[in-house]
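Student: Predicted coordinates and the sequence they were generated for:
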Amino acid sequence: VEEFVVRAGTPLSGTVRLSGAKNSALKLIAACLLADGTHHLHEVPRIDDVETMAELVSAMGVSVERSPDADLLQVTVPPELVPVAPYELVERMRASIVVLGPLLTRHGYARVSLPGGDDFGHRPIDFHLRAFEAMGAKFTTEHGYVEGHCDRLHGARIVLEFPSHTTTDNIVMAACLAKGGTLIENAAREPEIVDLIEMLNSMGARIVGAGTSRIEIEGVDELAPADHTTIPDRVETATYLGAAAVAGGSIFIERARPDHLDMLLEKLRAMGLSITPTSAGLQVERSGPLRAVDVVTLPYPGVATDYMPLIVAMLSVAEGVAIVTENLFRGRFRYVDELRRMAADIRTEGHHIVVRGVRQLSGARVRATDLRAGAALVLAGLGADGETFVSGAEHVDRGYADYAGKLRALGADVERRSTGHGEQP
Ligand code: EPU
C-alpha cells in the first residue's frame, strides 16, 4: 500500500507534459475490436485503467504490446474473439462496458459482467442496453452477467435521456458496422468522443456530427486497423492548473488544448489565474490571491464533474465563499470529509457544496476515496502547513501517469512511499 507525502513549499515553476486522455484511450482500445489486424495507438497513458483495458481485450484473444520507450500501444486483433468481459476486470473498471457495442456488432453475441468501478453512487447501464435493443439486440441478465444476442445490428434513431458519455461511445462503435443509418439525438459532446470518432472515420467508418448533440452514423461492412494519436488529458490539465492555483508560481502545461477547456479556463481566470495559450500548450501564472467563484458541473461543454474535487480543493484556500453544484454523480462527495480533516471550511447541502476559503489548510492524514479525490487531496496538501499524508495512492494510479514525479518536476515537495502495512481497514 502506498501513500503520497506532501509539504507546501516554494511557488511552482517549470514545464509539465500531459499524457494522453484516459477517457479517450480506453475507448480507442475498445474500438480496435472492430477491425482485425494490427492497430497503432500513440500517446496512450501509462496508467492502471489502460492496463485493465489491455487485460480485458487480451482475455478476448487480442495481443497488446507497449513499446518500451514511447506511449505507443500495438493492438493486434484476431479474426475471432472470445466475446466475454469477466467479472474480475469489469468490477475493477466500469468503463469496460464500452466493449459491449464492438462485441455485439462484430459477433452478434457478448457476455459482460455488470459493472462496479468508482464508488460514487449508483451508475446504471440502462441507456446502453436500451440503445442496443433499438438496434435489434436482446438481453438477458443472469448470475451477474448481461448477455446480448443479435443478428447483424441495424441502424436506429436513438434519443438519449441524458447525454451520457460512454453510452454515446458505445452506440457510435456499434453503429459503425450496423446495417443502415443510426442517428443519436442528445449525444454527448466530450472531446474524447470526437477523438474516438476521428479514429473510427480513419478506419473507414462514416460518421458525421462529432462534437454536436446529433451524431449520424452510416453503417459499413468492414473497418481497417487504425493508426491514431490520443488527445491530451483535460482532467490532467485541470490538475496541474490546480497545482499552480494552490501553490502559486508560473508553469507551462505542454500539449494542453484550451479549446477543450473553455468553461474551466473562464472559471479559473475569474479565480485570479493568468492563463495564456501558446501553440505548444498553456502558460499559467498565479501572482495574487485566489478568489472564490461559484461552479456548476454539467455535461460538456459545461464544467466536468471530474474537475469538481480539484476545484473544491482550490476554493478551500481562496478568498470568499463559493457554492459548487454537482449535477452528474450525486454520491461524489466523500472527499469533502477528508478536506475537512485538513481544516477546510466546507458544508454540503444536498448536491451543493458551500466552501468558505481559509488562509491555509492544516496538514493531516487523509485517504483518497477515488481517483480525482486522491489528486485533489494532494493539491490541498500543497496549500497546507506541515505534512499531508494521502493514502490510497492506487486510486490515483488508475488515471495519472507519474503524478508525484510530474509535480516534483514543477518544484512541488511530493513523494510517494510505501506505508509499510498491507490493505488498510
Ligand atoms: N446514466 C444512467 N444510465 C446509463 C448511463 C448513465 O442513468 O446507462 C447516468 C449516470 O448515472 C450519470 C449520468 O448518466 O448520472 C452521466 O453519466 P455518463 O454515462 O455520462 O458517465 P460515464 O460515461 O459512465 C464518463 C467518464 C467519467 C466522467 C463521466 C461524466 C469514462 C470512462 N468515464 O463516465 O470519468 O465522470 O463520463 O463526464 O469516460 C473518471 O475519469 O474518473 C470518470 C469517472
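Tutor: All right, it came through fine.
Student: List the contacts of the nearest residue in space to Glu387 that is not next to it in sequence.
Tutor: Closest residue in space to Glu387, ignoring its immediate chain neighbours: Gly363 at 4.8 Å, by CB to CB, 6 or more residues apart in numbering. (Each C-beta comes from the backbone N, C-alpha and C, glycine too.) Counting by CB atoms under 8 Å, 6 or more residues apart in numbering, Gly363 touches 6-8, 342, 381, 384-388.
Student: ok, now Leu241?
Tutor: 253, 264, 268, 273, 275, 282, 284.
Student: Can you tell me which of those residues is nearest the ligand?
Tutor: Nearest to the ligand out of the contacts of Leu241 is Leu264 (CB to the nearest ligand atom; 12.8 Å).
Student: give me the number of residues near that closest one?
Tutor: 24 (other CB atoms under 10 Å).
Student: distance of it from Ile97?
Tutor: Leu264 is 26 Å from Ile97, where distance means CB to CB, to the nearest Å.
Student: Which residues of the stretch 251-400 of the chain lie near the ligand?
Tutor: Residues of the stretch 251-400 of the chain lying close to the ligand (CB under 6 Å from any ligand atom) are 304-306, 328-329, 371-372, 399.
Student: So, low pLDDT: which residues of the stretch 151-300 of the chain?
Tutor: Regions of the stretch 151-300 of the chain meeting the criterion pLDDT under 70 are absent.
Student: can you pull out the helices in it?
Tutor: Using DSSP state H, counting those that start in this stretch, the helices found in the stretch 151-300 of the chain span residues 165-176, 191-202, 234-247, 262-270.
Student: from those, which stretch is densest packed?
Tutor: Greatest average neighbour count among those goes to helix 165-176 (a mean of 28), per mean count of other CB atoms under 10 Å.
Student: quick check, that one touching the ligand?
Tutor: Yes - looking at helix 165-176 against the ligand by CB under 6 Å from any ligand atom, the contacts come from 165-167.
Student: Can you lay out those residues as CSV showing distance to Leu12?
Tutor: Compiled in CSV, those are given as follows (distance: CB to CB, whole Å):
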residue, distance to Leu12
His165, 31
Thr166, 34
Thr167, 38
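Student: on that earlier part again, how far away is the residue nearest to Glu387 from the ligand?
Tutor: Computed with CB to the nearest ligand atom, to the nearest Å, the distance linking Gly363 and the ligand is 26 Å.
Student: mind starting the numbering at 417 from now?
Tutor: With 417 as the first residue, the last one maps to Gly779.
Student: quick revisit: just send the helices of the stretch 567-716 of the chain back as JSON lines, with distance to Cys566 too.
Tutor: Compiled in JSON lines, the helices of the stretch 567-716 of the chain are given as follows (distance: least, CB to CB, whole Å):
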{"stretch": "helix 581-592", "distance to Cys566": "10"}
{"stretch": "helix 607-618", "distance to Cys566": "20"}
{"stretch": "helix 650-663", "distance to Cys566": "34"}
{"stretch": "helix 678-686", "distance to Cys566": "39"}
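Student: which one of those lies closest to Gly827?
Tutor: Proximity to Gly827 (CB to CB) singles out helix 650-663 among these, at 8.3 Å.
Student: quick one, the closest one and helix 607-618 angle?
Tutor: Orientation check (axes from the mean of the first three to the mean of the last three CA atoms, to 10 degrees): helix 650-663 against helix 607-618 gives 150 degrees.
Student: Only the C-alpha atoms, please, for helix 650-663, written as CSV.
Tutor: Only the C-alpha atoms of helix 650-663 are listed here, as CSV (Å, rounded to 0.1, in the frame of the first residue of the first chain):
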residue,chain,number,x,y,z
ARG,A,650,-8.0,17.5,-20.0
VAL,A,651,-8.5,16.4,-16.4
GLU,A,652,-4.8,16.1,-16.0
THR,A,653,-4.6,19.6,-17.4
ALA,A,654,-7.1,20.8,-14.8
THR,A,655,-5.0,19.1,-12.1
TYR,A,656,-1.8,21.0,-13.0
LEU,A,657,-3.8,24.2,-13.3
GLY,A,658,-5.0,23.4,-9.8
ALA,A,659,-1.4,22.9,-8.6
ALA,A,660,-0.4,26.3,-9.9
ALA,A,661,-3.6,27.8,-8.3
VAL,A,662,-2.9,26.3,-4.9
ALA,A,663,0.9,26.6,-4.7
